Structures are given as C-alpha cells and as structure tokens.
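In: Quick one, fold the following:
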Amino acid sequence: MQFRQQALSKLQSPEELDLPVRYARPQGLLVLAVTVVVMAAASIWAVTGSIPSTLRAPGILTHGQGSYVLQSPVTGQVTRVLAEEGKRVAAGAPVLTVRTDQGDKVVRSIAAGRVTTLVARIGTVVTTGADVATVERVSGNDDPLLAMLYVPADSAATVPVGASVDLTVQSVPTDEYGMLRGRVKAIGRTAQSDQKISGFLGDKDLAGQFTKDGPPVAVLVSLARSSATESGYQWSSAGGPPFALDSMTLADGAFHLAEQRPIDWLLP
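Out: Prediction:
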C-alpha cells in the first residue's frame, strides 16, 4: 500500500525539468574511443590477418638412396678388414677376409656407397648371414645431402611440396651456427612400417625411434646449397659450421606450413 501511494505521488508531481543533465566524462569518452579502435582493428585482422603454423618431425641426413646391410656369405673368422667406417667403397670392393674350412673368402660390397657401420673386426667369428657392415648407397663424391623426415601420419596431409623447412642438426650447435635451410621435395604416399624404414636406413634402432608413436610418412627435404659456407649448404647464420656434414646424422625439422586465417576458426 505504501508503494502504491508513492507511485501516485510521483505521477501527481511535475517533472524535474530544471535539473542539469550530466554528459559523459572525458575519461569515459576516451575509454569508448579506445574500445572502438581496438574492435575495428581486431575485425580487420580477423579478415586479412594470418597465423603461422609449424609442424616438427624427427629425421636424418641422407643421400636419399637408402642403405643396405652387408652380410657374410660364409662362416669363419675375420682375418682382415679392408674397409673403414666413413669411407667410400666401390661396387664389388673387398670389405672383409674370412678364413673358412675351405680357405680364405672375401666378402665384397653389393653396391657403391659409404660404410656407415662396420660390425666385424679382426678375430671376430661370423656365421653365414651375419651382419658385418652397413653401407649407404652413394653414386658419386658430389652427391648432395638430403634430409629424410618422418612425419606423423595424421599430420602428413598438411605438408605441401615446396614448404620451407628449418633443420636442427645433431652434430651442429644451433646456438652458435643456426639451422640448416631446406624445402620439401617429395612426400610419401603411405605410412611406413618399422621394417620398411629399417630396410631403407639399414638400422633397426633408428627405425624403432622413428616409429615409436606409430607408422610415419616419409618426407624428403632438399637442402639449400651455398658456395659461401664451409659445409656447402645454407644456414640461418651467416656462415654455418666450419666443417662438412656427414650423412646418417640425426636432425629435427620444423615445417613452415601455409598460414591460416583466424576467420577460418572464428566463424562456425
């Protein structure tokens, strides 16, 4: 009843037209102006701006032709080692001499390449089919290095041919010499099993490392050449490392993918 009486009294009283009207304070106008500018800038950026996307994957430096595991065709004791790790061998070149019951037998390379692992030593007893060396296939002394990166299968579709790649090489201090530059040359069509990667690299341990999270897709990266560096390749630093790079060196790659516009995920 009290509220009704107050309402009737309000209706009977004249409007307070003589009271001053308070406008917005300068501080409020400033806040409003800043808010409008920020919203306008955000709207423009949402339409024309972009967000860079990076995908990382492990890999290895290689000449791109794969490796093979040399096995002993006979059983006996190694009496001579005719090859050296890190050195090249020609196709059919002698690698080991094995003494057998029928006399000394020479174990020869299958194809030309570089010996990356030499298992057998003088005095080692080998059996028929035992692994004695791993040889990376190399055609010539001037074969360029490539990088083979193993990308998770569910992310491989986002990697286009020609995408730029920055490589962190295990044997090169990144803080001092920077990263190796490259571009995607080719992308595998299917995910690779542990056995397939092992057959290509000639190393079961590496294959297990690259497939620990599932079968990956192989991505071949060509390295940017440079005559101004000691390594012969382009780096993010001015000169790169003062030494040559070896194949079968581990590296991690960062793919710089096509930039994504924020409007793509802001709109339903």
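In: show me the residues around Thr134 that make contact.
Out: Thr134 makes contact with 67-70, 115-117, 119, 202-203 under the criterion CB atoms under 8 Å, 6 or more residues apart in numbering. Placement of C-beta: from N, CA and C, glycine included.
In: Go through those and single out the one with the most neighbours.
Out: Counting neighbours by other CB atoms under 10 Å, Leu70 leads the contacts of Thr134 with 27 neighbours.
In: wait, isn't that residue in contact with Val132?
Out: Yes: applying CB atoms under 8 Å as the test, Leu70 and Val132 come out as touching, 5.5 Å apart.
In: Can you check which residues contact both of these two?
Out: When contacts are counted by CB under 8 Å, 6+ apart, Leu70 and Val132 are jointly contacted by 95, 107.
In: Pass me the low-pLDDT residue ranges in this structure, would you?
Out: Along the chain, the parts satisfying pLDDT under 70 run over 1-52, 258-268.
In: What distance do you get for Gly182 to Phe243?
Out: Distance of Gly182 to Phe243, given as CB to CB, to the nearest Å: 19 Å.
In: who has more neighbours, those two?
Out: Taking neighbours as other CB under 10 Å, Gly182 and Phe243 compare with Gly182 leading, 25 against 11.
In: ok, which stretches of the stretch 101-250 of the chain are helices?
Out: For the stretch 101-250 of the chain, the helices defined by DSSP state H, counting those that start in this stretch cover 174-177, 194-201, 204-210.
In: Of these, flag the one that's most buried.
Out: Of all the helices of the stretch 101-250 of the chain, helix 194-201 has the most neighbours on average by mean count of other CB atoms under 10 Å, namely a mean of 18.
In: in stretch 241-250, what's buried?
Out: 241, 245, 247-248 (16 or more other CB atoms under 10 Å).
In: no, scratch that, I was asking about stretch 166-175
Out: Neighbour-count burial for stretch 166-175 flags 166-169, 172, 174 (criterion: 16+ other CB under 10 Å).
In: which residues make contact with it from outside it?
Out: 59, 61, 147, 179-182, 221, 223, 236, 240-241, 245-246, 249-254, 256.
In: Kindly report the same for stretch 92-109.
Out: Contact with stretch 92-109 is made by 70, 72-83, 89-91, 115, 120, 126, 132-133, 135, as judged by CB under 8 Å, 6+ apart.
In: From the opening residue of that stretch to its closing one, how far?
Out: End-to-end distance for stretch 92-109, by CA to CA, to the nearest Å: 5 Å.
In: now it, how far from the chain's geometric center?
Out: Mean-position distance between stretch 92-109 and its chain equals 40 Å (CA atoms, centre = their mean, to the nearest Å).
In: before we move on, back to that, would you reformat the contacts of Thr134 as CSV and include distance to Pro215?
Out: Converted to CSV, those look like this (distance: CB to CB, whole Å):
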residue, distance to Pro215
Ser67, 20
Tyr68, 22
Val69, 21
Leu70, 27
Val115, 29
Thr116, 24
Thr117, 24
Val119, 27
Gly202, 19
Asp203, 17
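In: Could you list which of those belong to strands?
Out: Among those, DSSP state E puts 67-70, 115-117 in strands.
In: can these go into a markdown table with extra columns for distance to Thr54?
Out: As requested, the ones in strands among the contacts of Thr134 are exported to a markdown table (distance: CB to CB, whole Å):
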| residue | distance to Thr54 |
| --- | --- |
| Ser67 | 30 |
| Tyr68 | 35 |
| Val69 | 35 |
| Leu70 | 39 |
| Val115 | 36 |
| Thr116 | 31 |
| Thr117 | 33 |
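In: of those residues, closest to Thr158?
Out: Nearest to Thr158 among the ones in strands among the contacts of Thr134, counting by CB to CB, is Ser67 at 29.0 Å.
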